[in-house]
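Student: okay, here's the prediction I keep looking at, along with the sequence it came from:
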Amino acid sequence: MTDAIDPKFFRRVMGQVPTTVTVVTAMVDDEPQAMVIGSFVSVSLEPPLAGFFCTTGSYSWQQLKQADVLGVNVLGADQIDVSNACMREPAERFDGLDWSIDGGAPRIAGTTAWITLTPNQVIDAGDHEFALCNVTGMEVPDEANEPVIFYGGAYRELAPLPDAD
């Protein structure tokens, strides 16, 4: 048996793993819902599957879990304000945001990628649940923009690669 791992130390160590910043959205009872997710992951190419983790008791997750279609908005380096907006009170998350319905879910303008999902299954994972989803659509802008990432407890931007000479 291994010694128990202190949750604060676990969080500090795992904070050294950079993650993309995404906003998962859905329409629930004709109202837009949103939740910032740092655990979005590609799962399978055949069939195309992706997923994300949510705290079991999260109000936002309980809302999103009701939806038939989910949208994944991969935020760009210039969209930290969007991430912050989507952490406000649920009824205020879309205030001031440029968004529309695309494929059945709210799509935020200017993202680095847009992915539509349909729920496949929810898997218990400790104090979280893993939402395994079917990928039903994907888009990227014609002109790529850099994503924002979360690392060490803060938003970060990718550094440009050095020129190869």
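Tutor: Structure's in. What do you need? Numbering: from 1, shown residues only.

Student: which secondary structure element of this protein has the lowest mean pLDDT?
Tutor: Every helix and strand of the chain was ranked by mean pLDDT, DSSP states H and E. The lowest is helix 7-14, at a mean of 88.

Student: and M138, how many neighbours?
Tutor: When counting by other C-beta atoms under 10 Å, one arrives at 13 neighbours for M138. The way it works is simple: take the backbone N, C-alpha and C, and place the C-beta from them, glycine included.

Student: any regions of this structure where pLDDT drops low?
Tutor: Counting by pLDDT under 70, the chain shows low-confidence ranges at 1-2, 164-165.

Student: that older thread, so which other helices or strands are in contact with the least confident helix or strand of the chain?
Tutor: Applying 3 or more C-beta pairs under 8 Å, 6 or more residues apart in numbering; DSSP states H and E, we find helix 7-14 packed against no helix or strand.

Student: not counting its own residues, what contacts the helix or strand following that helix?
Tutor: Beyond helix 7-14 on the C-terminal side, the first helix or strand identified by DSSP states H and E is strand 19-20. Counting by C-beta atoms under 8 Å, 6 or more residues apart in numbering, the neighbours of strand 19-20 from elsewhere in the structure are 38-40, 74-75, 147-151.
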